[in-house]
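K.L.:
Coordinates only, no sequence provided:
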C-alpha cells in the first residue's frame, strides 16, 4: 500500500468496518462513534488517549472507545501502517451481555488499554479482519469476536486441552451433535448455544473446555473427516469439497494439507488407485 493511503475495505460482517492505512499523517484530536481495535503492522506512533499519552509499535494492539478523544502522529520520519476494525456499539454491547455469565443486565464495555503488546490478541484481530473482508465462517467470526472482547478486557478462554475427566456435559453433547450430524451445515454460536441451553460465550467456553477445540476448529476437523470419506468413495475433489462444507476445492486443499501433510489429490491417488 503506498504511503498516504487509506483503504476502507468492504466488510461482509454486519456492523463492522475494516480500514487499512499506511501514512505519515498526523491526526488532530477527534472522536469516533464506534469501538475501534486494530494492529500496528509497521512503524510507530505516539497518541493522546483516554488513558493519557501512549506509544505503539509493530505488533501492538491499538484501541479506541466511542467518544474517546485521541490523536496520532508518527514517531520519526517513517510512515506507520495499521489494520483497524471499527465495531458498531450494538455489536459490542450485544456480545458484552454474554461475557459475564452471572450478570446479563445493563451491558457495558470499554477497552482498557489504548496500546498494548498482546500477541495472541493481535493474531485474533488480524484473523477477524481477514474474515471480515473475505467469506466469513459464522462459527469462526462469532468465536473470534467474543475472544477478542474477552482478551481486550483481561479475560480469556480456557486452554484448549480436553477436560481431564474425559466426560462431556450433556449440554455440550447436544451442541457437538449439531456438528457431528451435519458437518457441512452453516452453524453459529447462537445455534450451539440454543442446543446447549447456554449463551454464546458460555457455549464457546464449555465446548472448548470439554473437547479441547473451539467449535469452529472441531467443525473443520469433522468436515475434513467427511471429505476423506467422500474422496475414498470416488467423488471428485471439487464435489467432495462442496459436500463437506468448504468454500471451494482450494479451501479444502489448504486445510487438508495443513492437517494431514498430504494434499487431497495425493490422498485420492493412494486411497483410490483405480
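P.N.:
Here it is on my side, so go on. Please read all numbers here as calculations on a predicted model, not as lab measurements.

K.L.:
Could you give the number of residues near the residue nearest to residue 76 when sequence neighbours are not counted?
P.N.:
Distance criterion C-beta to C-beta, 6 or more residues apart in numbering; nearest residue to residue 76, sequence neighbours excluded, is residue 44 at 7.2 Å. Yep, even glycine has a C-beta here, placed from its N, CA and C like the rest. Counted with other C-beta atoms under 10 Å, residues neighbouring residue 44 total 16.

K.L.:
A strand includes residue 187, no?
P.N.:
No. Counting by DSSP: H, G, I helix; E, B strand; the rest coil, residue 187 falls outside a strand, being coil.

K.L.:
pretty sure it is touching residue 177, no?
P.N.:
No. Using C-beta atoms under 8 Å, residue 187 makes no contact with residue 177, being 11.4 Å away.

K.L.:
With neighbour numbers in mind, choose between those two.
P.N.:
A count of neighbours by other C-beta under 10 Å puts residue 187 above the other of residue 187 and residue 177, at 22 against 11.

K.L.:
wait, what's in contact with that one?
P.N.:
138-139, 178-179, 215, 219 (C-beta atoms under 8 Å, 6 or more residues apart in numbering).

K.L.:
Buried members of these into PyMOL, please.
P.N.:
Provided next is the PyMOL selection string for whichever of the contacts of residue 187 are buried by 16 or more other C-beta atoms under 10 Å:
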select buried, resi 138+139+178+179+215+219
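
K.L.:
The contacts of residue 187 in helices, which ones?
P.N.:
138-139, 178-179, 215, 219 (DSSP state H).

K.L.:
and of these, the nearest to residue 194?
P.N.:
Comparing these against residue 194 with C-beta to C-beta places residue 178 closest, at 9.1 Å.

K.L.:
Dump the contacts of residue 187 into CSV; add distance to residue 241 and pLDDT as well.
P.N.:
Below are these laid out as CSV (distance: C-beta to C-beta, whole Å; pLDDT from 0 to 100):
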residue, distance to residue 241, pLDDT
138, 18, 88
139, 18, 90
178, 21, 93
179, 18, 93
215, 21, 92
219, 15, 93
